[in-house]
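A.B. asks: Sequence first, predicted model second:
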Amino acid sequence: MLPRELFRNEPDRIRRMLRDRHTEADLDRLLEVDGAWREVLVRVEELKARRNVGSKEIGALFKAGERREAEGRKAEMAALGEEIKALEAEASALEAELAALELTIPNLFDESVPVGTDESDNRVERSWGEPPDFGFEPKAHWDLGPELGILDFERAAKIAGARFAVLRGAGAALERALISYMLDLHTGKHGYTEVLTPYLVSSESLRGTGQLPKFEDDLFKIEGRDLYLIPTAEVPVTNLHREEVLAEEQLPTRYCAFTPCFRAEAGSYGKDVRGLIRQHQFHKVELVQLVHPERSWEALEKLTGHAEAVLRGLGLPYRVVTLCSGDLGFSSAKTYDLEVWLPGQNRYREISSCSNFLDFQARRARIRFKPSGGGKARLVHTLNGSGLAIGRTLVAVLESYQQADGSVLVPEVLRPYMGGLERISPEAEG
RNA sequence: GGAGGGGUGGCCGAGUGGUCGAAGGCGGCGGUCUUGAAAACCGCUGAGGCGCCAGCCUCCAUGGGUUCGAAUCCCAUCCCCUCCGCCA
């Protein structure tokens, strides 16, 4: 959510942003409603001031024993009350519409964000590692995994339908190893506090981070209740401090969380239908930071580095891109995507998304801090990034570490988490 | 699921139709004292909105209602706690 003064004072700036994001929002209606609301509000408040004075006088008359005089004033006040009630209904309807409209306006993006239409306009910042030369035709994980007996899409479809997977044996262990490796790295080396949160959240939490009201179709909702499966740990973790005033000393607050994520993926029919890339359920280790508003840009660079460290540790080649205006998420002011090299697809694929939201989420979720030098509570800045998406990391490991004989080497850093296992072979599976 | 109890400022906690935006305490800020600190003492200290200002209006879980007037009375909803039931 953007501050109201911005709509009032710089509507053209908002309009430009909407155009560059290739997004529609009814800014004109918003401005109109805002003006009307303020007009009615002034009138309501005038009447209320009169009522407050009148009521006090009646109270004083009763106390002075002037019963008749007091009773006489009541009718007049009652009429005023009716007038207030009607006008107030008008005001609150306008305010509700204004509040609803505000929630549909995306964040302003930073100057350093390239203006563009879609992912082809994203800017490559840097890359690390070289796509390996196998000396044979590398397989895609959807062939490799089932052949090794560690991945089963058919049985997953039987029990839950399309876009689910079953991991088995060393595959399940590899998933678990990746989770532990990432959590240990972020808590041990990068200064994050691990949290384990609910996987179901209320609509208010989803509004706080910006998934609602605009992206309801992407979510799984529990029927008959105000509960949704989380699409990312960003939602429960950022909302940990919703409606709180933190001490400045608590900043920066850094959390990492392992959670499953659930996405309805509406409108993605025909996209990535094979394999683990796009699933209704996947695992992710998420990094979330609440920081001082003057530190969020440096925090974004550091946070991105923390996600990169995971890929480096695993020896997986990747590149960093800055999302262009048209590809940027609703709440984000700037996003770096980490794209890992997938030999089976012969291309880079998104494996992490690291964003600075500035005060956009903090304003929605009312997350503030009290400056240590005194003064009013200020909004914090929030950031988050995947560190990393586990399923896609598993894909990258399988495809990058595959051998000519169809086996897969276990990356050095994961072996301690897999009982010292060095290689996943078909024979090893019963 | 059943029966009770309860949601008040950054935190704890009092309040019961009108001078209550709310006692008291803690915390925070400033001061006195001190070489410095602690202690003690004194003072200040909630948030949001509208308005050019003066100022006005909201806010005691949320939403309705009663009333000239609601933190206070009534209804509904949500959440928390205790006990019982059930369960991992």
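C.D. replies: That came through, no problem. What you are looking at is a predicted structure, and each value in this text was computed from that prediction instead of being measured. Residues are numbered from 1 along each chain as shown, chains lettered A, B, ... in the order given.

A.B. asks: Pull up the residues of chain A that are close to RNA strand B.
C.D. replies: For chain A, the residues in contact with RNA strand B (C-beta under 7 Å from any atom of the strand) are A:4, A:38, A:41-42, A:44-46, A:48-49, A:51-56, A:58-60, A:62-63, A:74, A:77-78, A:81, A:85, A:92, A:245, A:370, A:374, A:376-377. Every residue, glycine included, has its C-beta placed from N, CA and C.

A.B. asks: Of those residues, which qualify as buried by neighbour count?
C.D. replies: Among the residues of chain A next to RNA strand B, those scoring as buried are A:41, A:44, A:54, A:58, A:81, A:370 (criterion: 16 or more other C-beta atoms under 10 Å).

A.B. asks: could the residues you listed go into TSV alongside secondary structure?
C.D. replies: Listed next are these as TSV, based on DSSP: H, G, I helix; E, B strand; the rest coil:
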residue	secondary structure
A:L41	helix
A:V44	helix
A:G54	helix
A:I58	helix
A:G81	helix
A:K370	strand
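
A.B. asks: Farthest-apart pair in those, please.
C.D. replies: A:I58 and A:K370 (41.4 Å; C-beta to C-beta).

A.B. asks: Name the SS class of the residue of the stretch 201-350 of chain A found nearest RNA strand B, please.
C.D. replies: For the stretch 201-350 of chain A and RNA strand B, the shortest gap (C-beta to the nearest atom of the strand) falls at A:V245, measuring 4.6 Å. Secondary structure state of A:V245, per three-state DSSP, is strand.

A.B. asks: And the helices in chain A?
C.D. replies: A:4-9, A:11-21, A:27-63, A:67-102, A:141-148, A:153-160, A:170-188, A:203-209, A:234-238, A:296-314, A:360-365, A:390-400 (DSSP state H).

A.B. asks: Tally up the residues packed near A:L98, please.
C.D. replies: Close neighbours of A:L98, defined as other C-beta atoms under 10 Å, add up to 22.

A.B. asks: now swap in A:I277 and tell me
C.D. replies: Neighbourhood size, A:I277 [other C-beta under 10 Å]: 20.

A.B. asks: show me what contacts it?
C.D. replies: A:349, A:391-392, A:395 (C-beta atoms under 8 Å, 6 or more residues apart in numbering).

A.B. asks: could you redo these as CSV and give each row pLDDT and neighbour count?
C.D. replies: Formatted as CSV, the contacts of A:I277 follow (pLDDT from 0 to 100; neighbours: other C-beta atoms under 10 Å):
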residue, pLDDT, neighbour count
A:R349, 95, 18
A:G391, 96, 24
A:R392, 96, 25
A:V395, 97, 26
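
A.B. asks: nearest to A:F220, of the residues you listed?
C.D. replies: Nearest to A:F220 out of the contacts of A:I277 is A:G391 (C-beta to C-beta; 17.0 Å).

A.B. asks: Quick check: the two most widely separated of the contacts of A:I277?
C.D. replies: Longest span within the contacts of A:I277, C-beta to C-beta: A:R349 and A:G391, 11.3 Å.

A.B. asks: what's the closest non-adjacent residue to A:A165?
C.D. replies: Nearest non-adjacent residue to A:A165, counting by C-beta to C-beta, 6 or more residues apart in numbering: A:A156, 4.9 Å away.

A.B. asks: wait, that neighbour sits on A:F164?
C.D. replies: Yes. Between A:A156 and A:F164 there is a contact at 4.1 Å, judged by C-beta atoms under 8 Å.

A.B. asks: which secondary element of chain A has the worst mean pLDDT?
C.D. replies: strand A:244-247 (a mean of 82; mean pLDDT, DSSP states H and E).

A.B. asks: Now do the buried residues in it.
C.D. replies: For strand A:244-247, a neighbour-count test (16+ other C-beta under 10 Å) marks A:L246 as buried.

A.B. asks: next one: phi and psi at A:F134?
C.D. replies: Backbone geometry at A:F134, expressed as degrees, to the nearest 10, gives phi -80, psi -30.

A.B. asks: nearest spatial neighbour of it, skipping sequence neighbours?
C.D. replies: Closest to A:F134 by C-beta to C-beta, 6+ apart is A:P343, at 6.8 Å.

A.B. asks: quick one, what contacts that neighbour?
C.D. replies: A:P343 is in contact with A:131-132, A:134, A:138, A:399-400, A:402, counting by C-beta under 8 Å, 6+ apart.

A.B. asks: mind checking pLDDT for it?
C.D. replies: What the model reports for A:P343 is a pLDDT of 95.

A.B. asks: And A:D272, by the same measure?
C.D. replies: 84.

A.B. asks: try A:E76
C.D. replies: 84.

A.B. asks: Mind pulling up the pLDDT for the closest residue in space to it that isn't next to it in sequence?
C.D. replies: Among residues not flanking A:E76 along the chain, A:G54 sits closest, at 7.4 Å (C-beta to C-beta, 6+ apart). Looking at A:G54, its pLDDT reads 88.
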